[in-house]
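> Return atomic coordinates for the entry below.
(chains A and B)
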There are 2 protein chains.
Amino acid sequence: MDSIVLNPIGIIRTPHKSLEGTPIQPCGACGILGTVEVEEAFREGLLDLKGFSHLFLLYLFHQSKGFNLTVKPFLDDARHGVFSTRAPRRPNPIGLSVVRLVEVREGTLHVEGVDMVDGTPLLDIKPFIPDFDLPCGEIWTGWLSGRSKNATSLKADNRFL
Amino acid sequence: MDSIVLNPIGIIRTPHKSLEGTPIQPCGACGILGTVEVEEAFREGLLDLKGFSHLFLLYLFHQSKGFNLTVKPFLDDARHGVFSTRAPRRPNPIGLSVVRLVEVREGTLHVEGVDMVDGTPLLDIKPFIPDFDLPCGEIWTGWLSGRSKNATSLKADNRFL
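Next up is the predicted model:
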């Protein structure tokens, strides 16, 4: 299959200046504010976004180089397949976070719950829609069962640089 | 900012052979089964995935060429900014769907709720984790309020080819 070329549409600004110490998920970034600065050429695409309370941000894990197919994630001492983790060193290093939209001011989104390093390249913004994005039926979470709540307090170290 | 080159890690097989008539969201594909065929080089990364009930699939909207910053989406007659929609003709045409994992058999995931066209290039697989991915607080959905449930029955037409 052919390669795909993407171009960032903006940049995510956060208080997290290095990977070490950055929250590992939005639930660990409760109350932490950041901004999403959308390039001028794409700002018309933000029309009507302010009606939504939460957004998916898709972004590049720009500090992670290369990947491993099994990784020791932040939340366990055992190795797991990278696709059963949210670790950043992935074959296609795309990050996904649900953040709360506080305000849209011109081309800048003010958001809460930022778990990205400052300067992260933005790839896409999608509105979070419960009817589209909430799974039906019972949910189970494999090796993360009983561990995922620890993401509210655990911070990143440098293992995925 | 620099361009990013991604390479598909597999292909998504579904019963939807053309965009026209394809469900527009997973909630419109309830009970519809598909497979995610992961390339052999990446299969080790599937280790432990079978413990999870639901996955995010990230994929390329490969049939959509170019983009518009405002679009008339399937669920409304009015135009909206593309980032306040889930329309496929986006600046970076990455699709996102939550599907139910039925079975992992060697390099093939059997999944339910497929709303992609057959042959869609797969970019990433992430486990769905309620503690990470469910927004806190009240959720509102702007122009989609009162309309998003229509995605359970509405099918795509060719407007985004």
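> now the angle from the longest strand belonging to chain A to strand B:94-105?
Secondary structure of chain A per DSSP state E: the longest strand is strand A:94-105. Strand A:94-105 runs at 150 degrees relative to strand B:94-105, counting by axes from the mean of the first three to the mean of the last three Cα atoms, to 10 degrees.
> And chain B, is strand A:94-105 touching that?
Yes. Using Cβ under 8 Å from any Cβ of the partner chain, strand A:94-105 reaches chain B at A:Ile94, A:Leu96, A:Val98, A:Arg100. The C-beta positions use only the backbone N, C-alpha and C, and glycine is treated the same way.
> in its sheet, what does that strand sit against?
strand A:54-60 (antiparallel), strand A:108-112 (antiparallel) (DSSP bridges).
> Would you pull up how far the last one lies from the middle of the chain?
Spelled out, it's strand A:108-112. Relative to its chain's centre, strand A:108-112 lies at 14 Å (Cα atoms, centre = their mean, to the nearest Å).
> and among the strands paired with strand A:94-105, the most buried is which?
The highest average neighbour count among those, using mean count of other Cβ atoms under 10 Å in any protein chain shown, belongs to strand A:54-60 at a mean of 23.
> Give me the next element, helix or strand, following it.
strand A:70-71 (DSSP states H and E).
> packing partners for that next one?
The contact analysis (3 or more Cβ pairs under 8 Å, 6 or more residues apart in numbering or on different chains; DSSP states H and E) places strand A:70-71 against strand A:80-81.
> elements contacting the strand it packs on?
Secondary elements touching strand A:80-81 (3+ Cβ pairs under 8 Å, 6+ apart): strand A:70-71.
> For the residue of chain A positioned farthest from its centre, which non-adjacent residue is closest in space?
Relative to the C-alpha centroid of chain A, counting by Cα atoms, centre = their mean, A:Met1 is the outermost residue, at 26.3 Å. In space, and not counting its chain neighbours, A:Met1 is closest to B:Pro8: 4.3 Å by Cβ to Cβ, 6 or more residues apart in numbering or on different chains.
> List the contacts of that neighbour.
A:Met1, A:Ile4, B:Glu39, B:Leu60, B:Pro121, B:Leu122, B:Leu123 (Cβ atoms under 8 Å, 6 or more residues apart in numbering or on different chains).
> Just the ones of those residues in strands?
Reading strands off the contacts of B:Pro8 with DSSP E, I get A:Ile4, B:Leu60, B:Pro121, B:Leu122, B:Leu123.
> filter those residues to the buried ones?
Neighbour-count burial (16 or more other Cβ atoms under 10 Å in any protein chain shown) applied to those gives A:Ile4, B:Leu60, B:Pro121, B:Leu122, B:Leu123.
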